[in-house]
Each structure stands twice: as structure tokens, then as C-alpha cells.
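J.: model the structure of this input:
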Amino acid sequence: MPFNMSASAQLTTSRAVVLFDGVCNLCNASVNFIIKRDPRCRFSFAALQSEAGQALLARHKIAGQRPDSVILLEEGRVFMRSTAALRIARRLSGLWPLLYPLVLVPIPIRDKLYDWVARHRYRWFGRREQCRLPTPGRES
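T.: Have a look, this model is predicted:
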């Protein structure tokens, strides 16, 4: 059963928020991957297309973002694309934090690879007709 919070309550979460493409199968699998490796529940999630996602984009002045970018809102800062992915990885359980030193690779190089995958994600992984429902306690 989905758990719904009001938009104002969703905006006050103290956890980092991951904004993702809610109709992308790769993005939804990534959310499941993060949840499974986030035992401390450090992350909340919102689809970019959702009301909460749109409110967060507006609040952080990130209007007009395409849904091909993961966005991390963490401690009042906005991180996108490969930087967001690496900052998420550093907070996961297991060996995933070992990927974080890749932030030393220049952003244009990292984001070129990120953008290549993003351009092909629907063809390779498919898409859903509608956004996923929030997981109780994990929505932003």
C-alpha cells in the first residue's frame, strides 16, 4: 500500500533526496539497489515527474531538468549526474564507497559516460507507463 505525504511535509525531510526518472526501468532498479544498500535510511526518493519532485526542483531552482539525470539533494546542495551517483555510492553499505575516489576524474569525462548511458537507457532497459509508487517511509 503506498504511503502519501503532503508536499509540504515531503519538502522538510532531513535525509538526502534522490530525484530520478520515475518511468525508467534502469532508474527504478537503481532506487531498489540504493534502498537495499541503505540500512540507515539516509535517502528519500522522488520521481522527477511527481508533484513532490517538481516542488523540490522548483525549491532548489533546478527548473526545466530533463528526466535523464539523477539529482541528489544533500545538506542544502544539489548534485547531478555522475557526481550525484558517486555521492550516493559513498553512503551505501558494502564496497560501493570505494567508487567515490572517481570524483577525481574530471566532471566532463565522467558525465560523458553518464550521458551515454542515459541516452540509451529506455532502449536497453525499457520504460514504464507510469511512475512507481513510493515505498513507505522512503519517499521525500
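
J.: poorly predicted segments of the chain, please.
T.: Scanning the chain with the threshold set as pLDDT under 70 gives 1-14, 63-68, 122, 125-140.

J.: that one: helices as residue ranges?
T.: 7-10, 25-36, 51-59, 81-89, 107-125 (DSSP state H).

J.: contacts only, for the spatially most central residue of the chain.
T.: Using C-alpha atoms, centre = their mean, the residue of the chain that lies closest to the mean C-alpha position is residue 18, 3.1 Å off. With contacts defined as C-beta atoms under 8 Å, 6 or more residues apart in numbering, residue 18 is in contact with 31, 34, 43, 44, 45, 46, 70, 71, 72, 84, 88. For the C-beta atoms, the positions are set from N, CA and C on the backbone; glycine is no exception.

J.: go with 6 Å
T.: 43, 45, 72 (C-beta atoms under 6 Å, 6 or more residues apart in numbering).

J.: was I right to think the second one contacts residue 31?
T.: Put plainly, it is residue 45. Yes: with contact defined as C-beta atoms under 6 Å, residue 45 counts as touching residue 31 (5.4 Å).

J.: between those two, tell me which one has more neighbours.
T.: Using other C-beta atoms under 10 Å as the criterion, residue 45 and residue 31 rank with residue 45 on top: 26 against 20.

J.: if we can go back for a sec, out of the contacts of residue 18, who's nearest residue 23?
T.: Of all the contacts of residue 18, residue 45 has the smallest distance to residue 23: 14.1 Å, by C-beta to C-beta.
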